[in-house]
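Undergrad: Provided below for reference: sequence and predicted model.
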Amino acid sequence: MSNSQNHRYTYRPMTAADVPAAHTLSVQLKWPHRLDDWAMLQRVAEGFIVEDAGRLIGTAFSCRQGDYATIGLVIVSDEYQGQGIGRKLMEQALLACGSTIAILNATLAGVPLYASQGFVEFGEIHQHQGHVQYIARPALAAGEHCRDSCVEDWSQVLELAHAGSGLDRTRVFQDLQDAIERTTVIERDGRLRAFAMLRAFGRGHVIGPIVAETPEQAKHLIAELLDHVQGEFVRLDVLADIGLGDWLSDAGLRHVDSVAQMARGTPPVPLGGVRQFALVTQAIG
């Protein structure tokens, strides 16, 4: 019996017990996510899977973050493509969004599917990655200084994260706390003005999120964190129009992929004079 004739597909919510099988599926598709990366998303988001006779063949997630919900890791095993499985998983993820506005980062191949479900492009994300030995720190403005964060900074970091992304980052950041290797901040006049986080992800490390007032602040934070992982593999997912692309490429972090930012409604808007320069992950925004 061909897959298209198979009526044993079962759609259901994902549980923690499904994470290893989901990770195995992503490995087969050559996605870089570690088991821990899947587990993190399963904890902070609502996940959905589809099985064929008990074998996991597709996934999707919806992560509510205030007035918005990010949809991510919508994947279907190669041998089951073209049967509407991805569309049905998306329908379940959209139902989980409730009254929130759904946003996502779409591969070029996925854009037509999401456009047919009411999503509209509003931006672009560039994936940069590679091994960096050293990169000079751009100078900060007068009165600004960079330092490692401390426990007392957490409320201000979270406030900046909300403002820069336009999302409520509380739940995501609570889960991130134990995974963060280093958080670097820029302070001026006794207040935090920017921050960047470094943690393990995929093939090595990821720097993100990054929230800052200016590209110079973001570059300084990135250079500071890269200094701690010289020679190791690092990834950043940055906004295409934010002024970091050429600088990152010159530093050895090549632009290897692009995805479209899409929203089913009005996209989130940064507030308070700061912007998110790099994502937590493409699945979380």
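TA: Perfect, thanks for sending it. It should be emphasised that the depicted structure is a prediction, and the values quoted were computed from it without experimental measurement.
Undergrad: going on from the helix or strand where residue 161 lies, what's the next piece of helix or strand?
TA: Here residue 161, judged by DSSP states H and E, is contained in helix 154-165. The element immediately downstream of helix 154-165 (helix or strand, assigned by DSSP H and E) is helix 170-176.
Undergrad: Show me what that next one packs onto, helices and strands only.
TA: Secondary-structure packing of helix 170-176 (3 or more CB pairs under 8 Å, 6 or more residues apart in numbering; DSSP states H and E): helix 35-44, strand 55-65, helix 154-165. Any C-beta I mention is one placed from the backbone N, CA and C, and that applies to glycine too.
Undergrad: What's the mean pLDDT across that helix?
TA: Averaged across helix 170-176, pLDDT comes to 95.
Undergrad: Name the residues of it that come out as buried.
TA: By neighbour count with 16 or more other CB atoms under 10 Å, helix 170-176 contains the buried residues 172, 173, 175, 176.
Undergrad: tell me which of those residues is nearest to residue 83?
TA: Set against residue 83, the nearest of the buried residues of helix 170-176 by CB to CB is residue 172 (32.4 Å).
Undergrad: Just after the helix or strand encompassing residue 219, pick out the following helix or strand.
TA: Secondary structure assignment for residue 219, by DSSP H and E: helix 215-226. For helix 215-226, the succeeding helix or strand toward the C-terminus, using DSSP H and E, is strand 233-239.
Undergrad: from the chain's centre, how far out does stretch 265-284 sit?
TA: 10 Å (CA atoms, centre = their mean, to the nearest Å).
Undergrad: hey, where'd the strands end up in this structure?
TA: 9-13, 46-52, 55-65, 68-76, 101-106, 120-131, 144-148, 180-188, 191-201, 204-212, 233-239, 254-263, 275-278 (DSSP state E).
Undergrad: coming back round to it: what average pLDDT does the helix holding residue 219 get?
TA: If you average the pLDDT values across helix 215-226, you get 96.
Undergrad: and it, which residues are buried?
TA: Under 16+ other CB under 10 Å, the buried positions of helix 215-226 are 216, 217, 218, 219, 220, 221, 222, 223, 224, 225, 226.
Undergrad: domains in the protein, as residue ranges please.
TA: 3-99, 127-257+265-278 (automatic domain parsing).
Undergrad: would you turn those domains into JSON lines with distance to residue 112?
TA: As requested, the domains of the chain are exported to JSON lines (distance: least, CB to CB, whole Å):
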{"stretch": "domain 3-99", "distance to residue 112": "11"}
{"stretch": "domain 127-257+265-278", "distance to residue 112": "18"}
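Undergrad: Quick one, which of those gets closest to residue 117.
TA: Of all the domains of the chain, domain 3-99 comes closest under CB to CB, at 6.1 Å.
Undergrad: Tell me if I'm right that residue 281 and residue 37 touch.
TA: Yes. Look at residue 281 against residue 37 with CB atoms under 8 Å: they come within range, at 7.5 Å.
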